[in-house]
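Trainee: The amino acid sequence is not available; the structure is as follows:
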């Protein structure tokens, strides 16, 4: 089955889809090996890993698409991508969808923030008019070549105009053809319930540690009615904390001794990145070549 079809099936399944966030190819491979059915990677984490910068629209669409291409090439499970604001108007949105499909993504979202956007849990957001977002959404839907390529509509208007406007906007986005709906940064369980109960179609929850939305376990999110729950930044925070602790240890002690319990072994790491499979493949092709030299 195509990754796009697999992802669409996972969203439509009665069981909630847990969608962990990754930030690079290594974390993507680790997530797949942990048994997750799909993963996501957003501009926040890509900005951090590629630029060491916050999520403030500093990456271009080609930089994002290149990173997604590497992710999709490295894993066999579906990858869900971040289309930001479409990187401009409807013309830019068309190009974004084309590049993201070619990169191998199973789906993507576009949002109604004013460009340059910022992380949805940061202060100072603003949103474009509903008609302008509808135009981008229609352009995205018309551009996709694979009808199973999932397009999610996101609104950031809760922080600007409140929950009622978010529900009104998402209802229109669903009517226009959005496959999945997402209102970023609801600030209470009541707002989360309203999104699921008052909207038709699958809704996604985004768990940001330290953000504005209450952190809840997956079974409670399923009970509320969410079809998808993403833990988009936690892996990046875990890695950053681990590296901070390690660098402090090395700077203080001048050695990695005493830190071994926090590290993978040489062999364990090589297993994660597939060194054994690579060596087997090399040996197979070398033995094939030797047949022509006899």
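Mentor: That came through fine. Note that the coordinates shown come from a computational prediction; the quantities given were computed from them, not determined experimentally. Residues are numbered from 1 along each chain as shown.

Trainee: all strands of the stretch 151-294 of the chain, in order?
Mentor: 180-183, 204-206, 228-231 (DSSP state E, counting those that start in this stretch).

Trainee: For those, give me CSV that also has distance to residue 13 and mean pLDDT.
Mentor: To be clear about C-beta, it is placed using only N, CA and C from the backbone, and glycine gets the same treatment. Shown next, in CSV, are those (distance: least, Cβ to Cβ, whole Å; pLDDT from 0 to 100):
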stretch, distance to residue 13, mean pLDDT
strand 180-183, 13, 98
strand 204-206, 14, 98
strand 228-231, 10, 97
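
Trainee: so which of those strands gets nearest residue 114?
Mentor: strand 180-183 (16.6 Å; Cβ to Cβ).

Trainee: returning to what we had before: format the strands of the stretch 151-294 of the chain as TSV; extra columns: mean neighbour count and distance to residue 49.
Mentor: TSV is the format used below for those (neighbours: other Cβ atoms under 10 Å; distance: least, Cβ to Cβ, whole Å):
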stretch	mean neighbour count	distance to residue 49
strand 180-183	26	23
strand 204-206	26	19
strand 228-231	22	17
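
Trainee: Adding distance to residue 33, write those strands out as CSV.
Mentor: Shown next, in CSV, are the strands of the stretch 151-294 of the chain (distance: least, Cβ to Cβ, whole Å):
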stretch, distance to residue 33
strand 180-183, 26
strand 204-206, 24
strand 228-231, 17
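
Trainee: quick one, what contacts residue 177?
Mentor: Each residue near residue 177 by Cβ atoms under 8 Å, 6 or more residues apart in numbering is listed here: 137, 138, 141, 151.

Trainee: Tell me which of the strands of the stretch 151-294 of the chain sits nearest to residue 50.
Mentor: Across the strands of the stretch 151-294 of the chain (criterion: Cβ to Cβ), the nearest stretch is strand 228-231, sitting at 20.2 Å.

Trainee: what packs against the closest one?
Mentor: The contact analysis (3 or more Cβ pairs under 8 Å, 6 or more residues apart in numbering; DSSP states H and E) places strand 228-231 against strand 17-20, strand 204-206, helix 218-224.

Trainee: Tell me where the stretch 51-200 of the chain has helices.
Mentor: 61-74, 90-103, 130-143, 158-161, 163-176, 189-198 (DSSP state H, counting those that start in this stretch).

Trainee: Confidence-wise, which of these is weakest overall?
Mentor: Across those, helix 158-161 has the smallest mean pLDDT, namely a mean of 93.

Trainee: Check the offset of that one from the chain's centre.
Mentor: Distance of helix 158-161 from the chain centroid (Cα atoms, centre = their mean, to the nearest Å) equals 23 Å.

Trainee: residues in contact with it?
Mentor: Applying Cβ under 8 Å, 6+ apart, the external contacts of helix 158-161 come out as 120, 123, 125-127, 165-166, 183-187, 191, 212.

Trainee: What of stretch 242-258?
Mentor: Under Cβ under 8 Å, 6+ apart, the answer for stretch 242-258 is 259, 262, 263.

Trainee: In CSV: these, plus neighbour count.
Mentor: Output for the contacts of stretch 242-258, formatted as CSV (neighbours: other Cβ atoms under 10 Å):
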residue, neighbour count
259, 13
262, 11
263, 12
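
Trainee: And the contacts of residue 177, which two are furthest apart?
Mentor: The widest separation within the contacts of residue 177 (Cβ to Cβ) is 10.3 Å, between 138 and 151.

Trainee: Of those two, which one has the most company?
Mentor: It is residue 151, of residue 138 and residue 151, that has more neighbours when counted by other Cβ atoms under 10 Å, with 21 against 15.

Trainee: Can you verify my assumption that residue 141 contacts residue 173?
Mentor: No - shown here, residue 141 and residue 173 do not form a contact pair, counting by Cβ atoms under 8 Å, at 10.3 Å.

Trainee: So if I had to pick from the two, which one is more boxed in?
Mentor: Counted by other Cβ under 10 Å, residue 141 and residue 173 do not tie: residue 173 has more neighbours, with 27 against 17.

Trainee: okay, the angle between the host helix or strand of residue 49 and helix 61-74?
Mentor: Using DSSP states H and E, residue 49 sits in helix 43-50. Angle between the axes of helix 43-50 and helix 61-74 is 90 degrees (criterion: axes from the mean of the first three to the mean of the last three Cα atoms, to 10 degrees).
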